[in-house]
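**Student:** have a look at this prediction, sequence included:
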Amino acid sequence: MTFFENIKEATIQGNSDKTIELARQGIAAEIDANEIIQSGLITAMAEVGERFKQGLIFVPEMLIAARAMQGALKVVKPYLKGEEVKGLASIVIGTVKGD
């Protein structure tokens, strides 16, 4: 598997330690930070969103994947070379009180 497939899969699985380590390896290998975000982390979260939409995963799995992504972002953001990170969309998550 390629670097981007590996970081995507680790993020989808919610494996924070592996996702963070892969982000560090990507930076060490001089992979563009924006490319790590766009081709690895954002594609992973798009897949997570699609799985949620299909009813294959639920909110806890989404949150675990999001935490893995956030950990990798902390590693990658300092290397963005002054580029502005653009979000693709806003996501709102809510639950019914007492649920």
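**Tutor:** Received, thanks.
**Student:** can we go C-alpha only for contacts and neighbour counts from here?
**Tutor:** Fine.
**Student:** wait, isn't residue 7 in contact with residue 22?
**Tutor:** Yes - using Cα atoms under 8 Å, residue 7 is in contact with residue 22, at 6.1 Å.
**Student:** so where do the helices sit in this structure?
**Tutor:** 3-13, 16-28, 33-35, 43-53, 59-76 (DSSP state H).
**Student:** so which of residue 7 and residue 22 has more stuff around it?
**Tutor:** Just comparing residue 7 and residue 22: by other Cα atoms under 10 Å the higher neighbour count belongs to residue 7, 30 against 21.
**Student:** identify the residues contacting that one.
**Tutor:** 18-19, 22-23, 40-41 (Cα atoms under 8 Å, 6 or more residues apart in numbering).
**Student:** ok, now how distant is residue 67 from residue 53?
**Tutor:** As judged by Cα to Cα, to the nearest Å, residue 67 and residue 53 stand 19 Å apart.
**Student:** brain fart, residue 76
**Tutor:** According to Cα to Cα, residue 76 stands 28 Å off from residue 53.
**Student:** just to revisit the earlier point, just name the most buried of the helices of the chain.
**Tutor:** helix 3-13 (a mean of 22; mean count of other Cα atoms under 10 Å).
**Student:** need the CA coordinates for that helix. PDB is fine.
**Tutor:** Only the C-alpha atoms of helix 3-13 are listed here, as PDB (Å, rounded to 0.1, in the frame of the first residue of the first chain):
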ATOM      1  CA  PHE A   3       1.700   6.200   2.100                       C
ATOM      2  CA  PHE A   4      -1.700   7.800   1.300                       C
ATOM      3  CA  GLU A   5      -3.500   4.500   1.400                       C
ATOM      4  CA  ASN A   6      -1.900   3.700   4.800                       C
ATOM      5  CA  ILE A   7      -2.700   7.000   6.500                       C
ATOM      6  CA  LYS A   8      -6.200   6.900   5.100                       C
ATOM      7  CA  GLU A   9      -6.800   3.400   6.400                       C
ATOM      8  CA  ALA A  10      -5.300   4.300   9.800                       C
ATOM      9  CA  THR A  11      -7.500   7.300  10.100                       C
ATOM     10  CA  ILE A  12     -10.600   5.400   9.100                       C
ATOM     11  CA  GLN A  13      -9.900   2.800  11.700                       C
END
